[in-house]
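Asker: the following block contains a protein sequence and its predicted model.
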Amino acid sequence: MGKPFVAGNWKMNTDSHSAVELAESIAGGSVSLAGEKVTVAVCPPFVYLRDVANSLHLSYVAVGAQDIYFESKGAFTGEISASMLKDVGCTYVLCGHSERRHVIGETEELVNKKVVAAISGGLLPILCVGELLSEREASQTEEVVTRHLKSGLAGLSDEKVLAVTVAYEPVWAIGTGRTATPQQAQQVHAFIRKLLNEMYDDQAAAEIRILYGGSVKPNNTADLMREKDIDGLLVGGASLNADDFLAIIQAAV
Ligand code: PEP
């Protein structure tokens, strides 16, 4: 496995002051870890991206956006393009987070356009995939993950897909305190790796990082990270507390 990757999704939380304060605490605490042994990114709300990026300027912590629009500019009220995200200091962007799929109503086609636009615009997309509880209970996990992965990556070459990180986030584990067991997560991660092997060349299948997300906390990180195909973590709630997020980074190394 390459360097583990820990990303924090702040969702619609923080304000202009607390966002910078949180970023600075994370940067300060991860000085000896980030960059060397682990890749770290935080994804604040759009409006705080520039301030957070400025405060992380001299650190190893990268900045990601929580969403993107696929057009480059024009009459798309409220939307944000790849070049705007680059302009304010973003390296990564989440695409197809389950809250955007299931709360906002994003389609698989739209998620794919966002992934493609992110790569064309020089960003590194984190494509989120994962099943609802009802889908897991109906034994449809593999079917849903296959659909999300194949549609999300549609049209990407072996070379372009290297920009992508995949995040497996079972929807029933997000924000619920109910984490997938390391075995449950590993099973799906191995399945995703197998799919990537079928879809792309050996290099892509081996190098694309697969993160787990869903109620990751300091006390379950090490067990999750021990699994062969878990290359890192996408953390929601626990990334809003600097001590917790730092403990997760530490345990992920
Ligand atoms: C997420 O938002 O991607 C997430 C995994 O949230 P939480 O860690 O709070 O479950």
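Answerer: Nice, I can see it. Residues are numbered from 1 along each chain as shown.

Asker: give the residue farthest from the middle of the chain.
Answerer: residue 75 (28.1 Å; C-alpha atoms, centre = their mean).

Asker: ok, now which ones touch that residue?
Answerer: Neighbour list for residue 75: empty [criterion: C-beta atoms under 8 Å, 6 or more residues apart in numbering]. For every residue, glycine as well, the C-beta is placed using N, CA and C.

Asker: swap in residue 142?
Answerer: Residue 142 touches 188, 191, counting by C-beta under 8 Å, 6+ apart.

Asker: how close does it get to the ligand?
Answerer: Distance, residue 142 to the ligand, using C-beta to the nearest ligand atom, to the nearest Å: 20 Å.

Asker: same question for residue 194.
Answerer: Taken as C-beta to the nearest ligand atom, the span from residue 194 to the ligand is 23 Å.

Asker: how many residues are close by that residue?
Answerer: Applying other C-beta atoms under 10 Å, we find 13 residues neighbouring residue 194.

Asker: how about the secondary structure of it?
Answerer: helix (DSSP: H, G, I helix; E, B strand; the rest coil).

Asker: and the pLDDT for it?
Answerer: Looking at residue 194, its pLDDT stands at 97.

Asker: all helices for the stretch 51-200 of the chain, in order.
Answerer: With helices called from DSSP state H, counting those that start in this stretch, the stretch 51-200 of the chain shows them at 82-87, 98-99, 108-120, 133-137, 141-152, 182-199.

Asker: among the ones you listed, show me which one is buried the most.
Answerer: helix 98-99 (a mean of 22; mean count of other C-beta atoms under 10 Å).

Asker: tell me if that one is near the ligand.
Answerer: No. Using C-beta under 6 Å from any ligand atom, helix 98-99 never reaches the ligand; the gap is at least 7.0 Å.

Asker: let's test this: mean pLDDT of that helix, rounded?
Answerer: Per-residue scores along helix 98-99 average to 97.

Asker: what's in contact with it?
Answerer: So helix 98-99 is contacted by 11, 128, 130, 169, 171, 174 (C-beta under 8 Å, 6+ apart).

Asker: residue 154 versus the residue of the stretch 1-150 of the chain found nearest the ligand, what's the distance?
Answerer: Closest to the ligand within the stretch 1-150 of the chain is residue 9: 4.3 Å, counting by C-beta to the nearest ligand atom. As for residue 9, its distance to residue 154 is 24 Å (criterion: C-beta to C-beta, to the nearest Å).

Asker: contacting residues around residue 108?
Answerer: 96, 147-148, 151-152.

Asker: those: which two are farthest apart?
Answerer: 96 and 147 (11.3 Å; C-beta to C-beta).

Asker: quick one, what contacts the closest residue to the ligand within the chain?
Answerer: Nearest residue of the chain to the ligand (C-beta to the nearest ligand atom) works out as residue 236 at 2.0 Å. Counting by C-beta under 8 Å, 6+ apart, residue 236 makes contact with 8-9, 11, 174-175, 213, 215-216.

Asker: among the residues you listed, which are located in strands?
Answerer: 8-9, 213 (DSSP state E).

Asker: top of those by neighbour count?
Answerer: For those, neighbours tallied by other C-beta under 10 Å; top is residue 8, 30 neighbours.

Asker: name the SS class of residue 238, please.
Answerer: Classified using three-state DSSP, residue 238 is helix.

Asker: for it, which non-adjacent residue is spatially closest?
Answerer: residue 244 (4.3 Å; C-beta to C-beta, 6 or more residues apart in numbering).

Asker: that neighbour and residue 219 touch, don't they?
Answerer: No. With contact defined as C-beta atoms under 8 Å, residue 244 does not reach residue 219; the gap is 9.7 Å.

Asker: between these two, which has more neighbouring residues?
Answerer: residue 244 (19 against 13).

Asker: helix or strand for that one, which one?
Answerer: Taking DSSP states H and E as the criterion, residue 244 maps to helix 242-252.
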